[in-house]
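Novice: Pasting the sequence and the predicted model now:
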Amino acid sequence: MESRSVHYEWLLILAVLVSMLVAPSAAVASPLAQAQRRSTFGLAQSPGTRLVNPAAALETAPLSEPAADSPVFFARPNYLGVYHETVVGGWGWIPGQIVRTDTDWDNDGVTDYTSLFTPDSDGYFEAWGQIGGGLLPGWTVTASQGSTSKTLTIADMVVTSVDPDADTVSGTAEPGSEVEVFAWDYSGTSDDPGRTVSANSEGVWIANFKVPAVPGSGNPYEDRAWDIGYSSDGSVYQSDGDGDMTADFWEQRLASPRPVYRFRNLKNGFYLWSADAAERAYINANLTATWKEEGEAYAVDPDLNKSTLMRFRNIQGGYYLYSADPAEWAYINANLSRTWVQEGPAYGVSRTPVANGPVVWRFRNLINGTYLYSADPDERDVINEELYGTWREEGEAYFLRY
């Protein structure tokens, strides 16, 4: 669900935070207006060098450089799963001089991964996926430049849902902790509406944009309602008290991810996958003697997965083949129509690999010729290591984009 345009989103966070730090009680200055200092919004990532050996960074980034004046460091963790890409960056650093980040994955005081970044002419840097194994709540990342050092402990804070009907953004955080939530106004004519909320005793926070948080305050940050509709997006962050922050993003798209359920035929042992709620309901209501639902296999986002996954049924055996390859469809229909019948589109997938995204592998049963599809790396390992005499992996069938 993310794109490199999030680079611009961090600029918006930057502008909002700078305004709040300088004059907390004043209206938040327009992030778009402040972002004009950067000539383009689709800038490439700041150059970074990943170093597994931390000692190499000591030689490259000596501590004799001058100190930066109150720099800010931010990080977005990936604890939603491996498909939630990490982001680190900051502003207020000395332009052109290396910023070194040291990540401690197990909090034993020993650096596990080091990266080097060079701030641009505005003292800003940002990088995606350049912290090695990722970031989890409780882990620490230290950004240093010269004699300046900022340490951020990753907060357990995340967006969990967006409700366009109620105009709310919600998530979880440490009970009692404060979270800042922004909705981005791209018109350039007004300030971004925002809410300051606290997580309840269960760790749940909700930001309501349907009505102003502080009516009549004169502060657009709290005094603006916002209609969360298709393509609405924004940011959420939690400060550590030193100006550094853990951050996340939210986005409301046209459709929510659709679960894909896997069914196993109790008589023949072959499989069926369906994202059709009506088909699922019919099977569970009428065909339980034949089909057993094994649960959700994965989910597909219709907004992001645009390639059709075609479903074919074997006329003799009754088992299924799924293909995202139009050339394979054409071959089956032209040459194997006595064996396979095309039933139509199953759901949307991606035909191109997604960085750090799920892969769906295809397996063929060597005994009866049926097919199995799996996006579970653990299941794939079991099949390849323990069931090699029955199932043979045919490779990557398609991909899933989130």
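Specialist: Good, I have the coordinates.
Novice: any idea which residue of the chain is furthest from its center?
Specialist: Arg338 (43.5 Å; C-alpha atoms, centre = their mean).
Novice: Identify the residues contacting that one.
Specialist: Ile315 (C-beta atoms under 8 Å, 6 or more residues apart in numbering). C-beta: built from backbone N, CA, C; applies to glycine.
Novice: And it, its phi and psi?
Specialist: Dihedral pair for Arg338: phi -80, psi -10, per degrees, to the nearest 10.
Novice: gap between it and Ile315?
Specialist: 7 Å (C-beta to C-beta, to the nearest Å).
Novice: before we move on, what about Asp248?
Specialist: In terms of C-beta to C-beta, Asp248 sits 49 Å off from Ile315.
Novice: higher neighbour count, those two?
Specialist: Between Asp248 and Ile315, counted using other C-beta atoms under 10 Å, Asp248 has the larger neighbour count: 23 against 12.
Novice: So which elements touch whichever strand or helix holds Ala327?
Specialist: Applying DSSP states H and E as the criterion places Ala327 in helix 326-335. Judged by 3 or more C-beta pairs under 8 Å, 6 or more residues apart in numbering; DSSP states H and E, the packing partners of helix 326-335 are strand 320-323, strand 340-349.
Novice: Would you mind listing the buried residues in it?
Specialist: Buried residues in helix 326-335, counted by 16 or more other C-beta atoms under 10 Å: Trp329, Ile332.
Novice: hmm, who's touching it?
Specialist: With C-beta under 8 Å, 6+ apart, helix 326-335 has contacts from Met310, Phe312, Leu321, Ser323, Trp340, Gln342.
Novice: Just give me the neighbour total for the third one.
Specialist: Burial measure for Leu321: 22 neighbouring residues, criterion other C-beta under 10 Å.
Novice: What separation is there between the nearest residue to it once chain neighbours are set aside and Thr370?
Specialist: The spatial neighbour of Leu321 that comes closest, neighbours along the chain excluded (C-beta to C-beta, 6 or more residues apart in numbering), is Phe312 at 4.4 Å. Distance, Phe312 to Thr370, by C-beta to C-beta: 12 Å.
Novice: same deal with Arg76?
Specialist: 42 Å.
Novice: the more surrounded of those two?
Specialist: Neighbour count, other C-beta under 10 Å: between Arg76 and Thr370, Arg76 has more, with 25 against 20.
Novice: What is the burial count for Ser232?
Specialist: 21.
Novice: How many neighbouring residues does Phe73 have?
Specialist: Phe73 sits with 28 neighbouring residues when counted by other C-beta under 10 Å.
Novice: Distance of it relative to Ser217?
Specialist: Counting by C-beta to C-beta - Phe73 and Ser217 are separated by 31 Å.
Novice: residue contacts, the closest residue in space to Gly318 that isn't next to it in sequence?
Specialist: Nearest non-adjacent residue to Gly318, counting by C-beta to C-beta, 6+ apart: Asn268, 7.2 Å away. By C-beta under 8 Å, 6+ apart, the contact set of Asn268 is Gly317, Gly318, Tyr319, Asn368, Thr370.
Novice: Just tell me which of the helices and strands packed on helix 326-335 ends up closest to Ala183.
Specialist: Shortest separation from Ala183 across the helices and strands packed on helix 326-335 is recorded for strand 340-349, at 27.9 Å, computed as C-beta to C-beta.
Novice: elements contacting the closest one?
Specialist: strand 291-300, strand 307-314, helix 326-335.
Novice: how about 10 Å then?
Specialist: strand 258-265, strand 271-274, strand 291-300, strand 307-314, strand 320-323, helix 326-335, strand 391-399 (3 or more C-beta pairs under 10 Å, 6 or more residues apart in numbering; DSSP states H and E).
Novice: for those, which one sits closest to Thr140?
Specialist: strand 291-300 (32.3 Å).
Novice: mind checking how far the closest one is from the chain centre?
Specialist: 22 Å (C-alpha atoms, centre = their mean, to the nearest Å).
Novice: ok, residues contacting it?
Specialist: 255-267, 271-275, 280, 283-284, 305, 309, 346-350, 358, 360, 373-376, 379, 398, 400-402 (C-beta atoms under 10 Å, 6 or more residues apart in numbering).
Novice: do that again at 8 Å, thanks
Specialist: 257-266, 272-273, 275, 280, 283-284, 347-349, 358, 360, 373-375, 400.
Novice: List the strands paired with that strand, with their directions.
Specialist: strand 258-265 (antiparallel) (DSSP bridges).
Novice: hmm, back to that, now the contacts of Asn268 as a markdown table including pLDDT?
Specialist: Compiled in a markdown table, these are given as follows (pLDDT from 0 to 100):
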| residue | pLDDT |
| --- | --- |
| Gly317 | 92 |
| Gly318 | 93 |
| Tyr319 | 95 |
| Asn368 | 92 |
| Thr370 | 96 |
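Novice: Give me the PyMOL select line for those, limited to the buried ones.
Specialist: Selection of buried members from those for PyMOL, criterion 16+ other C-beta under 10 Å:
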select buried, resi 319+370
